[in-house]
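Asks: model the following, please.
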Amino acid sequence: MKLKQLEGLLGGLEQFSQPKVELEQYPTGAHIASRMIYTAESSYEDLSGKIVADFGCGCGTLGIASALLGAEHVMGIDVDPESLEIAGENVTDLELDVDFLQCDIRASNLQGLLVDTIVMNPPFGTRKKGVDMDFLSLALKVASRAVYSLHKTSTREHVRRTALRDYNAKGAEVLCELRYDVPQMYKFHKKKEVDIAVDLWRFVP
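Replies: The predicted structure is shown next:
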């Protein structure tokens, strides 16, 4: 599947109708999601024929993209049942086979999961400090092959240092810097849209 085709399919997905601010719910846009998942497959072959998990999957964008690029099995995990309902509808519309699990990944024992690759757009930690690194810590314990994750560019050195020193990652590489469009979704947003610089990371557990 070509990148443009993938982006087009992801652009048609249903997203949060009533996002929850406490969960920092922002949709992963088709532009960023398609590039993230396409890179994982075309440059590293981390998806095709692999078992993939999408941590904090929201409406399922990254997991669905992984399934479209040939992942053998995809599981989306999220704490919010309403998001998972939308994700399920998205999967049905595209006639894909993706499993969903409702749980708080930080409070559940997921270390027994057999997963090759984890893809995720974790909360950036602006409402609950450190939640992004909680996601990364667990992902590096669960994935056997690679973790793809988005983190604010402003936290780059902290993310690299923590992953390598504290989470025992064998590798931590910024693949590219992307512009994350945060639409005006919450009352405290003063602007119509804000651009945030984010890094696309590939971590090797």
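Asks: if I pick residue 143, what's in contact with it?
Replies: Shown in contact with residue 143 (C-beta atoms under 8 Å, 6 or more residues apart in numbering): 53, 115, 116, 117, 118, 205. Backbone N, C-alpha and C define where each C-beta goes, glycine included.
Asks: and residue 160, how far from residue 115?
Replies: Separation of residue 160 from residue 115 (C-beta to C-beta, to the nearest Å): 23 Å.
Asks: can you check residue 54 too?
Replies: Remark: distance between residue 54 and residue 115 (C-beta to C-beta) = 10 Å.
Asks: quick one: which of these two has more around it?
Replies: With neighbours defined as other C-beta atoms under 10 Å, residue 54 and residue 115 compare such that residue 54 has more, 31 against 19.
Asks: wait, the more buried one sits on residue 67?
Replies: No - using C-beta atoms under 8 Å, residue 54 is not in contact with residue 67; the gap is 9.7 Å.
Asks: what do these two both touch?
Replies: residue 74.
Asks: what residues are up against the one residue sitting closest to the centre of the chain?
Replies: What sits nearest the mean C-alpha location of the chain, by C-alpha atoms, centre = their mean, is residue 120, with 1.9 Å. Applying C-beta under 8 Å, 6+ apart to residue 120 gives the contacts 54, 55, 56, 57, 62, 135, 139, 147, 148, 149, 150.
Asks: one more: residue 179?
Replies: 195, 196, 197, 198.
Asks: you'd agree it is in a strand?
Replies: Yes - counting by DSSP: H, G, I helix; E, B strand; the rest coil, residue 179 is located in a strand.
Asks: so how many other residues sit close to residue 39?
Replies: Neighbours of residue 39 under the rule other C-beta under 10 Å: 17.
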